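Colleague: quick one, what's the 3D model for this:
(one chain, ligands or ions: 1)
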Amino acid sequence: MTTTLITGANKSLGFETARRLVADGHDVWVAARDEGRGRAAAEKLGARFVRLDVTDEASIAAAAQAVAAETGLDVLINNAGIVGQLGQEIQDVTAQDLQHVYDTNVLGPVRVIQAFIPLLRRSVAPVIVNVSSGMGSFARTTEPGRSESRIISLPYCSSKTALNMITSQYARAYPDIRINAVDPGYTATDFNRHSGTQTVQEGTDAIVAMAKIGPDGPTGSFTDRHGTVPW
Ligand code: NAP
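Modeller: Next up is the predicted model:
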């Protein structure tokens with residue numbers, strides 16, 4: 001049985017990914033920073049719960065220990081992410097605003113990957129999925145007519161661009177692990193006050209597809225539910 005851990009799985013895209021992978025037969029760890037909400041989500045899904053705050057090294061180390069003690073790990077999905085202050089004008093953005101968003105969106109996946117790599121390397125088919133965004137794509141954010149080119153969000157967009165390169169670097173460093181970035185697409189969740197145009201089912205298509213690739217699947221790629229996303 002494939003064992004999968006999803007960060008930020010107590011709601012929205014993370015929760016729907018967990019639901020779909022449980023339905024596909026994965027043994028799923030719902031990782032969440034809030035014990036009550038995380039446990040409730042895991043119980044609803046028939047999944048396991050582990051507390052994990054991606055900004056807190058101690059909680060990540062404890063989570064890795066708990067997972068190692070009970071199951072091992074085949075698939076790690078770095079889904080937890082924050083948008084920062086919606087609608088903030090660029091002249092008001094401070095270095096602290098970037099630091100805050102990077103702590104979760106950039107340093108979070110690095111901390112979690114570092115902690116879980118030893119476990120993943122014991123799997124016969126290890127996979128990492130980093131949930132990025134088209135908002136982190138140079139190509140998409142500079143293509144007139146695309147929705148990504150109409151929004152300026154310095155902390156969030158640059159954090160996802162960093163996550164893309166982090167994905168590429170890990171993929172090149174660990175050829176035995178399938179490591180890919182995905183763009184869910186604009187999806188109605190708390191993240192955007194439910195203004196997204198896709199359902200969570202649509203928003204999780206690329207995440208679920210990449211979670212299920214085998215050892216011969218791609219690595220170092222960036223895709224959405226329609227195919228390749230240009231960097
Ligand atoms: P969401 O509704 O805001 O949910 C985010 C999840 O991340 C929540 O479970 C949240 O936990 C968790 N989280 C935030 N900070 C965390 C931390 N420090 N440690 C652990 N968990 C933390 O967002 P979403 O729409 O599901 O987005 C999920 C991912 O998709 C994000 O990486 C986002 O950038 C990406 N994405 C979303 C869209 C979209 O349109 N929705 C588009 C492109 C990419 P709490 O409940 O405790 O806050």
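Colleague: please count neighbours and contacts with C-alpha atoms only from this point.
Modeller: Will do.
Colleague: gap between Gly46 and Phe222?
Modeller: 30 Å (CA to CA, to the nearest Å).
Colleague: near the ligand, which residues of this protein are found?
Modeller: 7-14, 32-34, 52-55, 79-82, 104, 131-133, 183-191, 196 (CA under 6 Å from any ligand atom).
Colleague: where does the protein have low pLDDT?
Modeller: Of all residues in the chain, none has pLDDT under 70.
Colleague: which residues does the residue of the chain most remote from its centre contact?
Modeller: Of all residues in the chain, Gln91 has its C-alpha farthest from the mean position, at 28.8 Å, by CA atoms, centre = their mean. Contact partners of Gln91, counting by CA atoms under 8 Å, 6 or more residues apart in numbering, are absent.
Colleague: sec struct for it, please.
Modeller: When classified by DSSP: H, G, I helix; E, B strand; the rest coil, Gln91 comes out as helix.
Colleague: elements contacting the helix or strand hosting Ala162?
Modeller: Using DSSP states H and E, Ala162 falls within helix 154-173. Applying 3 or more CA pairs under 8 Å, 6 or more residues apart in numbering; DSSP states H and E, we find helix 154-173 packed against helix 95-105, strand 178-182.
Colleague: what angle separates that helix from helix 95-105?
Modeller: Relative orientation of helix 154-173 versus helix 95-105 (axes from the mean of the first three to the mean of the last three CA atoms, to 10 degrees): 40 degrees.
Colleague: which parts of helix 154-173 are buried?
Modeller: 154-164, 166-168, 170-171 (16 or more other CA atoms under 10 Å).
Colleague: just stretch 40-48 next, same as before
Modeller: Neighbour-count burial for stretch 40-48, counted by 16+ other CA under 10 Å, picks out Ala41, Ala42, Leu45, Gly46, Ala47, Arg48.
Colleague: before we move on, back to that, which ones among the residues of the chain next to the ligand lie within strands?
Modeller: Thr7, Ala32, Val131 (DSSP state E).
Colleague: counting neighbours, what do you get for the last one?
Modeller: When neighbours are defined as other CA atoms under 10 Å, Val131 has 27 of them.
Colleague: the one 4 residues further on too?
Modeller: Here the number of neighbours of Met135 (other CA under 10 Å) works out to 26.
Colleague: now swap in Pro118 and tell me
Modeller: Pro118, neighbours per other CA under 10 Å, totals 14.
Colleague: okay then, goodbye and thanks.
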